[in-house]
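Enquirer: Can you look at this prediction? I've put the sequence above it.
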There are 2 protein chains.
Amino acid sequence: MSRLDSFIRRLEAQRACLDRAAELIGGTDGAVLELGLGNGRTYDHLCELFPQRDIYVCERQVAAHPDCIPPADRLLLGDMFDTLPAARDWLGGKVALTHFDAGTGDAAANLRLATGLRPLILPLLRPGGILATQQAMDGPELETLPLPDGVAEGRYHLYRRV
Amino acid sequence: MSRLDSFIRRLEAQRACLDRAAELIGGTDGAVLELGLGNGRTYDHLCELFPQRDIYVCERQVAAHPDCIPPADRLLLGDMFDTLPAARDWLGGKVALTHFDAGTGDAAANLRLATGLRPLILPLLRPGGILATQQAMDGPELETLPLPDGVAEGRYHLYRRV
C-alpha cells in the first residue's frame, strides 16, 4: 500500500467517523471542538455537518485557506496545553463532539501528543459526548464505540464520554 | 460538498488515473516523469506502480517525507521552466508517462501553470506516451482518453501523445 493509498484511507476514515459522530450526537446539545485547524478542510466538513452548533477550533498559528478560518471568538489561538485548560471555565462539560487528528507522519509523536491532550479534553466533554480521534485515547472515562463500515480497526477511534 | 469531500475525490481521481495510466503504458518502454514532488505521496505511489522504470521528479526545493525522496540522479532540482527544457537533450521522446497535479487551491494559477508547462512536457513524451494531469492540457498533439469509472468529467485528464 503506497503512502497515497494510506492517506486516502485515513481521510475516508476521518470523514466516515465524523459523519457517524454527527448521527450519534443528533439528540445531544453542545458545542463542537476541533483540535488543530491545519488547512481547514476538516473544519469545513464540520461546518457542513453542524451548521447550528458553535464550532471552536484550537490552533497555534492560523495558516488555513481563507474560506476555512473560524470567527475570532471561536478560535482558541495558542498552544493547546495552555488554551484547553483555560477554556475549562466557560466550556467545561459543554462539548458534544471533540475531534483530534494529529496529522503528522510521526506516529510516536502523535501518540505522545494524544496522551498529553487526553486529560485536557475530558473535562470539556459533556456526559454522552463523542470523541473522534485518529490516535487511541482509551481509558475508564471513555466507552469505545464501533467504527463505521469500511474503517479498519485502529485506523480511527470513536469514544463516548461515560 | 465540503473541502474534505472535494479533496478526497481529487486524490481518488488521481490514484484511479495513475492506475489506469499504468495499464495503458504496460507495453510501452520509457521513463516516468512526475512534475512536483510535494510531500512525496504521489511519487511513492508511482514507485509502487513502476518498480522497473526510471522515475524522474521535478521539484524546486525538496520537502518530502524522507522515505519519498528520489535518488539524486533522478531529481530535476530547480524551476521546471529551467529544468524541463534542459532535460530535452537526454530525456526528449523517452518518457512513457508524465503526471502533473498543481495541487494548490488557486484554480486560475494552476491552469496558467499547466498552460505554461504544456510545451515543455510534449517534447519529452514519446509517441503513445500518456499524460495524466489534474489541469486540462488539450491540444492537437494530445488525444483525450476516457477517464476511469467513478472519475467525474473534468476532475482529471488523461491524454495520449499522438
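Expert: On my side now, so go ahead. Numbers count the residues shown, from 1 in each chain, chains lettered A, B, ... in the order given.

Enquirer: all contacts plus neighbour counts: C-alpha atoms, from now on.
Expert: Will do.

Enquirer: Read off the pLDDT value for the residue nearest the centre of chain A.
Expert: Centroid-nearest residue in chain A: A:His99, 0.7 Å away (criterion: CA atoms, centre = their mean). If you check A:His99, the pLDDT there is 98.

Enquirer: Could you list the paired strands of the helix or strand it falls within along with their orientation?
Expert: Remark: A:His99 resides in strand A:95-100, with elements defined by DSSP states H and E. Sheet pairing of strand A:95-100 (DSSP bridges) gives strand A:31-35 (parallel), strand A:125-133 (parallel).

Enquirer: Any chance of JSON lines for those, columns mean neighbour count?
Expert: Formatted as JSON lines, the strands paired with strand A:95-100 follow (neighbours: other CA atoms under 10 Å in any protein chain shown):
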{"stretch": "strand A:31-35", "mean neighbour count": "23"}
{"stretch": "strand A:125-133", "mean neighbour count": "24"}
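
Enquirer: how about the residues of chain A near chain B?
Expert: Listed as neighbours of chain B in chain A under the rule CA under 8 Å from any CA of the partner chain: A:2-5, A:8, A:11-12, A:15, A:41-42, A:44-45, A:48.

Enquirer: those strands in chain A, which residues are they?
Expert: Secondary structure of chain A (DSSP state E): strands at A:31-35, A:55-59, A:75-77, A:95-100, A:125-133, A:142-145, A:157-161.

Enquirer: mind putting these in a markdown table, distance to B:Leu125 included?
Expert: Formatted as a markdown table, those follow (distance: least, CA to CA, whole Å):
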| stretch | distance to B:Leu125 |
| --- | --- |
| strand A:31-35 | 45 |
| strand A:55-59 | 45 |
| strand A:75-77 | 49 |
| strand A:95-100 | 44 |
| strand A:125-133 | 45 |
| strand A:142-145 | 52 |
| strand A:157-161 | 46 |
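
Enquirer: which one's the longest helix in chain A?
Expert: helix A:3-24 (DSSP state H).

Enquirer: Flag every buried residue along it.
Expert: Of all the residues in helix A:3-24, those buried under the rule 16 or more other CA atoms under 10 Å in any protein chain shown are A:3-5, A:8-18, A:20-22, A:24.

Enquirer: Good, we can wrap up now.
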